[in-house]
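Novice: Okay, here's the prediction I keep looking at, along with the sequence it came from:
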Amino acid sequence: MNPLNTGLVVGALALLMTASVSVSVSAQTTYPGKPIRLIVPIAAGGPSDAAARALAKGLTAGLGQEVLVENRPGGNTGVGAGAVLSAAADGYTLLFALASNSGLPHLSKASPYKSLAEFTPISTIGGNTQCLVVPASVPARTLAEFAAHAKASAKPLMRGSNNVSEDMVAGQVTGALGIKLERVPYKGAPQMLPDLLEGRLQAAVLPVGFSAPHVRSGRLVMLGCSMAERIAALPTVPTLREAGVAAAPLITAHFVLGPPQLPVEIAERLAAAVRQAAQTADFKQEMDRLLIVGAARSPAETRELMLQAEAQYMQYVRETGASID
């Protein structure tokens, strides 16, 4: 090659590398330069929405830019997730995913993604413990009594549902008890609650923090929770395993995710901000109120937990043939 041409090529490569490093450094030092959208793929008003808003408040303080919660329910959380999947990979559109988002591709052909691993993992905060509850009007105070009531009923009992994690826990329960519950879909737990409290629904699987106030008031009865150990705040409520459901406790978490190919430096900047927010007194107080337990995780730890949750849903679908289509 002509020495002059060689010099030109080397010079061009050097300029390219310098530009690449410059862009990376610029993204790291100037991000964020405008408000950030945190998309929550469920209706407002439930415990996951409250957790997202608590996190957004902490991130706003830590990042120096407003983090705005945007509820995008629909498609069993697929609508909101799809909006982030197709968003620009610039860190200004994030997803506050539920662990159940890991199961959506395996339960629904309408899922906009084939695996939650398509998103960029940023961090994790604790998830919702799912518990089977019935209205006080149902003549059952234990899981065994509920099974007997369901078998004696002239028609299937009605179960409210608003996401796939609840369906999975309900499937574990009905499979173990040998009963059938008719699924009635809702956009969110707040929309379901009036029908449950009034007895128009005879059962639901709900986050413990959402249902606990109504259990304490006597309007709902909690029959069991999908956890390895009993919840400290509700020591008389058995785990589902103690009550006779042998299935493994459900992996629960809220994942903070970015679109595919989000730059590493932005993901790390956001992960550090989540860790900082999770240490604030306000955030901890809200998590205690919601009975949400779990430490913030790194991007790598988040990815690993996402894959574990997905494997759990895949096994459930293989064993039961479950579908929400």
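Specialist: Arrived safely.

Novice: centroid residue for the protein?
Specialist: Most central in the chain under Cα atoms, centre = their mean is L98, positioned 1.0 Å from the mean C-alpha point.

Novice: Name the residues linked to that residue by a beta bridge.
Specialist: Legend: beta-bridge partners of L98 under DSSP bridges are H254.

Novice: which intervals of this structure have sub-threshold pLDDT?
Specialist: Within the chain, the stretches with pLDDT under 70 are 1-29.

Novice: rewinding a little: I figured the residue nearest to the centre of the chain hits P47, correct?
Specialist: No: look at L98 against P47 with Cβ atoms under 8 Å: they stay out of range, at 10.4 Å. (Glycine included, C-beta is placed from N, CA and C.)

Novice: Which neighbours do those two have in common?
Specialist: N128 (Cβ atoms under 8 Å, 6 or more residues apart in numbering).

Novice: quick revisit: and the residue nearest to the centre of the chain, how far from L85?
Specialist: Per Cβ to Cβ, to the nearest Å, L98 is found 15 Å from L85.

Novice: what's the answer for L55, then?
Specialist: Per Cβ to Cβ, L55 is found 20 Å from L85.

Novice: out of these two, which sits in the busier spot?
Specialist: The neighbour comparison of L55 against L85 (other Cβ atoms under 10 Å) goes to L55, with 26 against 17.

Novice: Now do the same contact list for the closest residue to that one other than its chain neighbours.
Specialist: Counting by Cβ to Cβ, 6 or more residues apart in numbering, L55 lies nearest to A277, which is 5.8 Å off, once chain neighbours are set aside. Neighbour list for A277: L55, K57, G58, L59, A61, G62, F283 [criterion: Cβ under 8 Å, 6+ apart].

Novice: burial count for A148?
Specialist: Number of residues near A148 (other Cβ under 10 Å) recorded here: 15.

Novice: nearest spatial neighbour of it, skipping sequence neighbours?
Specialist: Leaving aside its sequence neighbours, A148 sits nearest to A140 (Cβ to Cβ, 6+ apart; 7.7 Å).

Novice: hang on, isn't that neighbour packed against V221?
Specialist: Yes: applying Cβ under 8 Å, one finds A140 in contact with V221, separated by 7.1 Å.

Novice: higher neighbour count, the two?
Specialist: For the pair A140 and V221, the greater number of neighbours falls to V221 (21 against 18), based on other Cβ under 10 Å.

Novice: Which of the three states applies to that one?
Specialist: Classification of V221 by DSSP: H, G, I helix; E, B strand; the rest coil places it in strand.

Novice: Quick check: closest non-adjacent residue to it.
Specialist: Excluding its sequence neighbours, the residue lying closest to V221 (Cβ to Cβ, 6+ apart) is V134, at 5.3 Å.

Novice: did I read that right, L206 in a helix?
Specialist: No: counting by three-state DSSP, L206 falls outside a helix, being strand.

Novice: Neighbours of the closest residue in space to A246 that isn't next to it in sequence, how many?
Specialist: Excluding its sequence neighbours, the residue lying closest to A246 (Cβ to Cβ, 6+ apart) is A176, at 6.4 Å. Around A176 there are 17 other residues, counting by other Cβ under 10 Å.

Novice: And for N76?
Specialist: N76, neighbours per other Cβ under 10 Å, totals 25.

Novice: Just list the residues touching it, thanks.
Specialist: Counting by Cβ under 8 Å, 6+ apart, N76 touches L104, L107, S108, A110, N163, V164, I324.

Novice: wait, which of these is closest to F255?
Specialist: L104 (12.7 Å; Cβ to Cβ).

Novice: Against N163, how distant is that closest one?
Specialist: 9 Å.

Novice: cool, A309 as well?
Specialist: As judged by Cβ to Cβ, A309 and N163 stand 13 Å apart.

Novice: Fine by me, we can end here.
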